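A.B. asks: Just the structure for this:
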Amino acid sequence: MVSAIFVLLRAILLACGGHRAIALENLALRQQLMALKRTNKRPQLRMRDRLFWMLLVRGWRDWRTALVMVKPDTVVRWHRQWLRHAWAQRSRQPHLGRPRVEVGVRVLVAKMAAANPWWGAPRIHGELCKLGIEVSERTVSRLLRRRRRPPSQTWRTFLTNHVGTLVSMDFFTVPTMTGRVLFVLVLLAHSRRRVIHVNVTEHPTAAWTAQQIVEAFPNDAAPRWLLRDRDRIYGEAFRRRVAGMGITEVVSAPSSPWQNPYAERLIGSIRHECLDHVIVLGERHLRRVLTGYIAYYHGSRTHLSLEKDAPTPRRVQTPEEGGVIAIPEVGGLHHRYERHAA
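C.D. replies: Numbering: from 1, shown residues only. Alright, predicted model coming up:
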């Protein structure tokens, strides 16, 4: 009732001041607003309604006299909320951190991990480096799904000097499908982790082992040192032949395979990445399987000790050379990834 009387008096004052039409229009509008307020106690105001009143406050000193639907404190609160939002937008820092990994790289890492279940982040990162994809090893490890498996065994380097003139050798056994046991001899050069010589026999002897040393190092290509364990196969005939070639033997301590880490690591790789997934039918089959794996080992497999390069260096391909294709090796147990133009 009081508000109605106030509106009526304001209309009479406007009419007496020569603004009859404006006064009647103002009266009509205010009467409608009062009727609307009686039917809807909480009107729904949009953002543009709030902006209108915030701008009107700046240009009209008597804005409170025309306010009917809300209280003046509400308009002040709207203005403060707008100020807080504006200052929050100004003080917001740009997004920092690592750049997002492209979807194509994520898919490629997933395919590599699925096709090569024995590979970890270092091996996959080495393949990506050879494909010209710049991504950190830490990012690759985050993209890989965690698998429940024991941690890979680490090897301790016991000799760092004159590594280029040192060769290690060792035997390991492989059972066949019929129960025969075949002996495999491997000789490994430490400088580029190259497998110099591999041979298979069912009955190894000292004379046979000495002959393998001669075949592995023809034409005065013998190394300065030869690292081996204390197996009885290295008998008197073997030691005389090695000494005659000017090779100094470095014999590891009893029951200390970690003192011959390079050869042991090679044998572990051959087992875990090849022979543990193959049923050997016979000696010829074993030679063929080993030949395929050694070719992959030399030409494709990346090594941590070689800065994620292969024993036979692989060049880094650029994205301009084409898309990435997978080349199966070792019967599909492993893959080599290269870029080829479509």
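
A.B. asks: Next, the nearest residue to Met245 once chain neighbours are set aside: secondary structure please.
C.D. replies: In this structure, Met245 finds its nearest non-sequential neighbour in Ala222, 4.6 Å apart by CB to CB, 6 or more residues apart in numbering. No exception for glycine: its C-beta is placed from N, CA and C like everyone else's. Of the three states, Ala222 takes coil under DSSP: H, G, I helix; E, B strand; the rest coil.

A.B. asks: My guess is Ala222 contacts Gly244. True?
C.D. replies: No: Ala222 lies out of contact with Gly244 (CB atoms under 8 Å); the separation is 9.9 Å.

A.B. asks: and these two? which has more neighbours close in?
C.D. replies: Per other CB atoms under 10 Å, whichever of Ala222 and Gly244 has more neighbours is Ala222, with 18 against 11.

A.B. asks: what sits against that one?
C.D. replies: Met245, Gly246, Ile247 (CB atoms under 8 Å, 6 or more residues apart in numbering).

A.B. asks: Next one: Val75, what pLDDT does it get?
C.D. replies: Looking at Val75, its pLDDT reads 66.

A.B. asks: just Pro117 next, same as before
C.D. replies: Pro117 carries a pLDDT value of 82.

A.B. asks: so it sits in a helix?
C.D. replies: No: under three-state DSSP, Pro117 falls outside any helix and is assigned coil.

A.B. asks: Quick check: phi and psi at it.
C.D. replies: Backbone torsions for Pro117, taken as degrees, to the nearest 10, come to phi -70, psi -10.

A.B. asks: domains in the chain, as residue ranges please.
C.D. replies: Domain segmentation of the chain under automatic domain parsing yields 2-78, 103-151+312-340, 163-302.

A.B. asks: Let me have these in JSON lines, extended by distance to Ser91.
C.D. replies: Output for the domains of the chain, formatted as JSON lines (distance: least, CB to CB, whole Å):
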{"stretch": "domain 2-78", "distance to Ser91": "21"}
{"stretch": "domain 103-151+312-340", "distance to Ser91": "30"}
{"stretch": "domain 163-302", "distance to Ser91": "47"}
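
A.B. asks: Out of the ones you listed, point me to the one whose mean pLDDT is lowest.
C.D. replies: Minimum mean pLDDT among the domains of the chain: domain 2-78, a mean of 63.

A.B. asks: you'd agree Glu202 is up against Glu283?
C.D. replies: Yes: counting by CB under 8 Å, Glu283 is a contact partner of Glu202 at 7.0 Å.

A.B. asks: coming back round to it: drop anything exposed from the contacts of Ala222.
C.D. replies: Buried members of these, scored by 16 or more other CB atoms under 10 Å, are Met245, Ile247.

A.B. asks: what helix or strand is Pro328 on?
C.D. replies: Applying DSSP states H and E as the criterion places Pro328 in strand 323-329.

A.B. asks: Next, the angle from the helix or strand immediately after that strand in the chain to strand 323-329.
C.D. replies: Next helix or strand after strand 323-329 toward the C-terminus (DSSP H and E): strand 334-340. Angle, strand 334-340 to strand 323-329, by axes from the mean of the first three to the mean of the last three CA atoms, to 10 degrees: 150 degrees.

A.B. asks: which secondary structure elements does strand 334-340 contact?
C.D. replies: Applying 3 or more CB pairs under 8 Å, 6 or more residues apart in numbering; DSSP states H and E, one finds that strand 334-340 makes contact with helix 103-115, helix 121-130, helix 283-299, strand 323-329.

A.B. asks: Convert the C-alpha atoms of the second one to PDB, please.
C.D. replies: Once non-C-alpha atoms are left out, helix 121-130 reads as follows in PDB (Å, rounded to 0.1, in the frame of the first residue of the first chain):
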ATOM      1  CA  ALA A 121      59.800 -48.400 -22.200                       C
ATOM      2  CA  PRO A 122      63.500 -48.100 -23.100                       C
ATOM      3  CA  ARG A 123      63.200 -50.500 -26.000                       C
ATOM      4  CA  ILE A 124      60.000 -48.800 -27.400                       C
ATOM      5  CA  HIS A 125      61.600 -45.400 -26.900                       C
ATOM      6  CA  GLY A 126      64.600 -46.600 -28.900                       C
ATOM      7  CA  GLU A 127      62.400 -47.600 -31.800                       C
ATOM      8  CA  LEU A 128      60.600 -44.300 -31.700                       C
ATOM      9  CA  CYS A 129      63.900 -42.400 -31.800                       C
ATOM     10  CA  LYS A 130      64.800 -44.400 -35.000                       C
END
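
A.B. asks: how about the residue most central in space within the chain, what does it touch?
C.D. replies: Residue closest to the mean C-alpha point of the chain, counted by CA atoms, centre = their mean, is Val140 at 0.5 Å. By CB under 8 Å, 6+ apart, Val140 lies in contact with Val109, Ala121, Ile124, His125, Leu128.

A.B. asks: go on, Trp225?
C.D. replies: His162, Thr165, Leu166, Val167, Ile247, Thr248, Glu249, Val250.
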